[in-house]
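**Student:** Dropping a prediction and its sequence here:
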Amino acid sequence: MEIQAATQQKSLLATLDPGRRTRLRRLLFEFGPGNGTLLFLPIDQGIEHGPRDFFSNPAAKDPEYQFHLAAEAGYSAIACQIGLATKYYPDYAGQVPLLLKLNGRTEIPPSDDALSTMNATVADAVRLGADAVGYTLYVGSPRQGEDLIQLRGIRQDCDRFGMPLVVWAYPRGSAIDRKGGRDSFYAIDYAARMAMEMGADVVKLNMPKLNPDTDKDAPAPYDEMSEIGTAEAIRQVVESAGRSLVVLSGGAKTDDEKLLENTRLIMSAGGQGVIYGRNIWQRPHAEAIEIVEQIKEIMLSSVTRVP
Amino acid sequence: MEIQAATQQKSLLATLDPGRRTRLRRLLFEFGPGNGTLLFLPIDQGIEHGPRDFFSNPAAKDPEYQFHLAAEAGYSAIACQIGLATKYYPDYAGQVPLLLKLNGRTEIPPSDDALSTMNATVADAVRLGADAVGYTLYVGSPRQGEDLIQLRGIRQDCDRFGMPLVVWAYPRGSAIDRKGGRDSFYAIDYAARMAMEMGADVVKLNMPKLNPDTDKDAPAPYDEMSEIGTAEAIRQVVESAGRSLVVLSGGAKTDDEKLLENTRLIMSAGGQGVIYGRNIWQRPHAEAIEIVEQIKEIMLSSVTRVP
Amino acid sequence: MEIQAATQQKSLLATLDPGRRTRLRRLLFEFGPGNGTLLFLPIDQGIEHGPRDFFSNPAAKDPEYQFHLAAEAGYSAIACQIGLATKYYPDYAGQVPLLLKLNGRTEIPPSDDALSTMNATVADAVRLGADAVGYTLYVGSPRQGEDLIQLRGIRQDCDRFGMPLVVWAYPRGSAIDRKGGRDSFYAIDYAARMAMEMGADVVKLNMPKLNPDTDKDAPAPYDEMSEIGTAEAIRQVVESAGRSLVVLSGGAKTDDEKLLENTRLIMSAGGQGVIYGRNIWQRPHAEAIEIVEQIKEIMLSSVTRVP
Amino acid sequence: MEIQAATQQKSLLATLDPGRRTRLRRLLFEFGPGNGTLLFLPIDQGIEHGPRDFFSNPAAKDPEYQFHLAAEAGYSAIACQIGLATKYYPDYAGQVPLLLKLNGRTEIPPSDDALSTMNATVADAVRLGADAVGYTLYVGSPRQGEDLIQLRGIRQDCDRFGMPLVVWAYPRGSAIDRKGGRDSFYAIDYAARMAMEMGADVVKLNMPKLNPDTDKDAPAPYDEMSEIGTAEAIRQVVESAGRSLVVLSGGAKTDDEKLLENTRLIMSAGGQGVIYGRNIWQRPHAEAIEIVEQIKEIMLSSVTRVP
Amino acid sequence: MEIQAATQQKSLLATLDPGRRTRLRRLLFEFGPGNGTLLFLPIDQGIEHGPRDFFSNPAAKDPEYQFHLAAEAGYSAIACQIGLATKYYPDYAGQVPLLLKLNGRTEIPPSDDALSTMNATVADAVRLGADAVGYTLYVGSPRQGEDLIQLRGIRQDCDRFGMPLVVWAYPRGSAIDRKGGRDSFYAIDYAARMAMEMGADVVKLNMPKLNPDTDKDAPAPYDEMSEIGTAEAIRQVVESAGRSLVVLSGGAKTDDEKLLENTRLIMSAGGQGVIYGRNIWQRPHAEAIEIVEQIKEIMLSSVTRVP
């Protein structure tokens, strides 16, 4: 019996049930860069932040903008909630895969005891022809227990329907704040493992941030690892996710050089792909198409995987 | 693939399932003004406020008053709760469409952690021959999570039965009070988008109110948008609701000029219709019939839409 | 289309489903006074107060006492909980209708956040041959939301089985205390409307009490209505219940003149009947039979209704 | 129609469904004293107190001890939880009836808001061949509402399966402490009635204790009844339970004279039987057999009932 | 009828249903030491502690490491959560039995009111070919009630599917801290009995620790038993678990002599086996294989049991 490296992407497809294999193969090899990497366009900010993210590019307020962009620029999938999936996705059905986000919350109530409740089901995703479902798990939140129970239900439905499960694994709550914060290497590393242990096929993580001032509050050995550098931290995080594929995100808008640099960092550290939202659609259509091209170029050059 | 403007009403009917299309067409084109706009008569104040709203026009205490009025004046639908729908609607079945409100609460307990629990189901609505169901969502309330779960259940039943879903989207709770208040442009704009994202076919909103003193507490860019004017705020709100139709309400009784002026404002800003309760039935029958005529005139002159 | 007065009892039977019509007709015309009025004997004090109410007439501790009395004196129905209905009602089955009370609570925990949980179901009532079910709704309680959800379930089962629903509508909680108190005209009037809106066929209310000192804390216009008199307050409350029939209660034991006077007041104000417990069974059998005769006389002389 | 005394045991069997009649008859007439009385051996202390009760008689730590004793000494039933019923009862199936206790809790968390959650179901009892199920109800606890809902579920399953229901009715919580305490006549009397009202076939109560110092805090007329004596208090409590049979318990270990005296008191006051645990099995086998013989003698001499 | 000693392991297999007998026999006699003892390898630390336990032996971060080790070294079973079972176990299916852990939690939120929620079901275990399921019960936690309800559901599914149930019985919460602490003899002894009473087939316990300073806060007679010695405490604990088999754990990494000494202690006190995690896999593969050999030797020499 030969030991297989956990980060080999082929090992994942190899152990998947037929439904998951069919759908995930579509995301990895038929759409997006097409070389076994993942390029997701998220448009769930309307729920999470309200319309405030759309003012810098008013055209983006109309969800048509993002759906059109995702199809034209050749994304692996567009990630959105049930309302958009019902009213906007049908026009693009089959032209870009749908990643239906199943839970969400507004930013209005404070996130101290964050729980992102479910507003759609895996059955909704199947009905709409989605190729994956997304779930936000707040690792370490005081309501973590409820969160895991919700996730279990989704995971079981995914098993039943052969649906790939993408987990947005976000550390949250005062307990994690006391141990270095939600973006610390400790927090992101824990979240990566947790998502894998809960059965995620793909894990969406934020970039780990090293900071000696706050990392010292993390449990050993994280309290003394601030010097390892971001590239190594990403590599470790990808490793912690085991056979779950890892995509990293960009957060608020940064300049293009930084964005492309991050992409290179992620891909060379073993990440499976990227998920950038505001960094893409907070610019006019033509510019958006252009930056996506540059990102895809990096993704295509970094690695080639076979189904 | 051509990009479609989100506020074009025809785009909505175009993507609807047959059940929703049948029923919503009835509201938009067979009853009410009949030109693709919506004129709703709400009589749920007996739950939300108790009988106190009826003393200025004692005849209105008898629900017969509103049902008779809605049928005679030619409304798109009458909106009420299960008790009235069961005991009063049958006499008017087929003469005015029924919009069954599924949740409600009394004003007696404070609304700090408001949640409007369900007292009827979509199946009740189907059984009673209703053409739409209504749900009150308290956006931003501390109990928002429970609210969204309730709404999900209704939305799924609406999908199952082809029933149009009208969401009363009301910002509530201390968190929204700290960010400009429940009637602020920020709050109403967020509520509009949220309802659309959750799958509303029609969104019922309160009029956004601009106020530099409190708007400054809202997130950017809302904190510096007090100068845009009410007409523009309404236009933006309608846009945020995307392909969900927007109806605006009147609130407490105002003078007739203001009421008609508001109607003009709403219709010219792209709103789909109005929902006035106390402003209509807190007056004798003849006067009520008269003001409804004037409102319908404005609605008919403002826009003509085809099914 | 002719407008029908909401307080006409015939309008209710006219719109009822066959099951409700059959059963309610039994209560209104086959048992009790028989002229379309309702005379209920409640024996749920053993739960709500414990055995302490039975010491002034020890014979009344044995539930046989009340069942025998209800059958002999010719009541419209006896109202009790599942335990008595199971162990004592069978001997009287068919000799007096059963109104099965579905929820209850002991008085031991404070009633600040009162909720009366369910200890029986409508299916239990059907199985036991009951002709109606009873539910206590605490209007305005902090747990009002849970209460309404419970009530919805019962109302839906009543729709399914054709079972008349009697709602004990009791204002409760600190919020109502701050607005004039649980017995104020405002509170009782709200409770009457609320029960009707939730689908009650019969509403059980306490006598509204006018008190300038506390009524001033109620919302307008109730804060200035202390002078209307009890008769008018009852009339208004009956009106607020619309097509739901109203029965009023007696509360703790009073003298006979007061009891009969209250009965006259209730019947002449349009009430459908009375529900007296301790005022009846806290006296020896013969005396109980006698006072019931006097009450029935008043009920028979006050009004005659046809099925 | 003849009025039947509520404490006549035959009246109970007379109104029971066939399943309950079969099973309860087994407890009353085929096992135990056999004269229509009930002698229960409880071995649920391992959950409620942990193993600490077993040290004074180490042999009793092995559940075999109690099962063997119950069968050999001729008990009406042995009362235990699911674990013992599954692993130890099978060897004694048919040799002593099983009373499966369905809920329980450890004494580790404080009992301020006590609720004894369910760890087995009536279906488990049916599967194991039990002749009765037991449920602990904490009357007056802040979580009384949840308790009553749990109990309702069990009562309904008992109705479905014809399974006798034994309710351990224990007053608990700060509210009862403020009204005279959990062992007061008021508290026990309320608990007795409550269990009967909820559908108990048998009620297990603790001995009421009269104490002028604390009874004065109970509601009238209990506040002035300290002088009635224990025998009368027990008689009243038995009466409050109506057609539900009453068994009383012994609590912590007392001397043998007291134990036998209590037995006489209980039986002569109309109690149906006794349930002694530690008082029996905290002694060597031979001594246990002996004291049980003495108890049975009292039970047999006190009363003779026919099925 | 002959009395059987509760600690005889054969008595357990004797009373088991066919499914449990088949599967437990596999763990006891076909895999592991094979002499009726249990040797488990746990790899659930990734959830309970995050990846921090893997840094001392980076190879162990890849779950392949533990799966390979368990199969090669000949364990009775490997214990892990759903994610690993789904993505790593299939390669080793049939080569080492799977003990699927059904609940878990991260260590991020404080454990004051610990509850380990379910993230998999018994049906998942059946589907994956597992031979046992594991459940963590926090005895004495403020949320003990919810815990017991969860456990009941699992126990019932185990009865339905014939699946052996392993309960990790951990005392937790401030109440146990006030009575001597979570590792005290009192706490562990209570946990052992509790797991057995709830229907555990195997109980996983931590080593009881005697400490006069804190034991004095435990209830009698535990407050005066500090002198009995660890061997006797283990013996008592094993006895309290009755016919449930007991495995003890090692906790954080200790030196090898201590580990082997503990193993001898456990086996000679009547324990059924051991479950060591970090003590095994926090060392290179070859060293791990070696220490396992030594442990198995002790287990094989200590006792021989027949199926």
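**Tutor:** Yes, it's here. The structure displayed is predicted, hence computed values, not measured ones.

**Student:** which other residues reach stretch A:248-264?
**Tutor:** Stretch A:248-264 has contacts (Cβ atoms under 8 Å, 6 or more residues apart in numbering or on different chains) with A:42, A:56, A:204-207, A:234, A:266, A:271, A:274-279, A:282, A:291, A:294-295, A:298-299, A:302. (Glycine included, C-beta is placed from N, CA and C.)

**Student:** The same query, at a cut-off of 7 Å, please.
**Tutor:** Stretch A:248-264 is contacted from outside by A:204-207, A:266, A:271, A:274-276, A:278-279, A:282, A:291, A:294-295, A:298-299, using Cβ atoms under 7 Å, 6 or more residues apart in numbering or on different chains.

**Student:** Select only the buried ones of these in PyMOL?
**Tutor:** Of those, the buried ones go into a single PyMOL selection, burial set by 16 or more other Cβ atoms under 10 Å in any protein chain shown:
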select buried, chain A and resi 204+205+206+207+266+271+274+275+276+278+279+282+291+295+298+299
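
**Student:** Would you mind giving the secondary structure of the closest residue to chain B within chain A?
**Tutor:** Using Cβ to the nearest Cβ, the single residue of chain A nearest to chain B is A:Ile108, 3.1 Å away. Here A:Ile108 takes the coil state, with states given by DSSP: H, G, I helix; E, B strand; the rest coil.

**Student:** Likewise for the one 5 residues further on?
**Tutor:** Here A:Asp113 is coil, with the state taken from three-state DSSP.

**Student:** That one touches A:Gln144, doesn't it?
**Tutor:** No: if you go by Cβ atoms under 7 Å, A:Asp113 and A:Gln144 don't touch, sitting 9.6 Å apart.

**Student:** who's more crowded, those two?
**Tutor:** Under the criterion of other Cβ atoms under 10 Å in any protein chain shown, the comparison of A:Asp113 against A:Gln144 puts A:Gln144 first, with 24 against 18.

**Student:** contacting residues around the residue nearest to the more buried one when sequence neighbours are not counted?
**Tutor:** Nearest non-adjacent residue to A:Gln144, counting by Cβ to Cβ, 6 or more residues apart in numbering or on different chains: E:Pro109, 6.0 Å away. By Cβ under 7 Å, 6+ apart, the residues touching E:Pro109 are A:140, A:142, A:144, A:173, A:175.

**Student:** which one of those sits closest to D:Tyr190?
**Tutor:** A:Pro142 (38.0 Å; Cβ to Cβ).

**Student:** where does A:Ala73 sit relative to A:Ala286, distance-wise?
**Tutor:** As for A:Ala73, its distance to A:Ala286 is 11 Å (criterion: Cβ to Cβ, to the nearest Å).

**Student:** Comparing the two, which residue is more hemmed in?
**Tutor:** A:Ala73 (21 against 7).

**Student:** now the more buried one: how far from E:Ala218?
**Tutor:** 67 Å.

**Student:** do A:Thr22 as well
**Tutor:** For A:Thr22, the distance to E:Ala218 equals 59 Å [Cβ to Cβ].

**Student:** hmm, back to that, of the contacts of E:Pro109, which is the nearest to chain C?
**Tutor:** For the contacts of E:Pro109, the nearest to chain C is A:Pro142 (22.5 Å; Cβ to the nearest Cβ).

**Student:** What residues does the closest one make contact with?
**Tutor:** Residues near A:Pro142 by Cβ under 7 Å, 6+ apart: A:113, A:173, E:109.

**Student:** ok, now which ones touch the nearest residue to it once chain neighbours are set aside?
**Tutor:** Distance criterion Cβ to Cβ, 6+ apart; nearest residue to A:Pro142, sequence neighbours excluded, is A:Asp113 at 4.4 Å. Shown in contact with A:Asp113 (Cβ under 7 Å, 6+ apart): A:141-143, A:173.

**Student:** Between which two of the residues you listed is the distance greatest?
**Tutor:** Greatest spacing in these, by Cβ to Cβ: A:Arg143 and A:Gly173 (8.3 Å).

**Student:** Pull up the overlap in contacts between these two.
**Tutor:** Residues touching both A:Arg143 and A:Gly173 (Cβ under 7 Å, 6+ apart): A:113-114.

**Student:** can you tell me which of the contacts of stretch A:248-264 are in helices?
**Tutor:** If you go by DSSP state H, the contacts of stretch A:248-264 have A:266, A:278-279, A:291, A:294-295, A:298-299 in helices.

**Student:** Run through the residues of the stretch 201-307 of chain A sitting next to chain B.
**Tutor:** Contacts of the stretch 201-307 of chain A with chain B, taken as Cβ under 7 Å from any Cβ of the partner chain, are absent.

**Student:** what about the stretch 201-307 of chain A, any weak spots by pLDDT?
**Tutor:** A:251, A:303-307 (pLDDT under 70).
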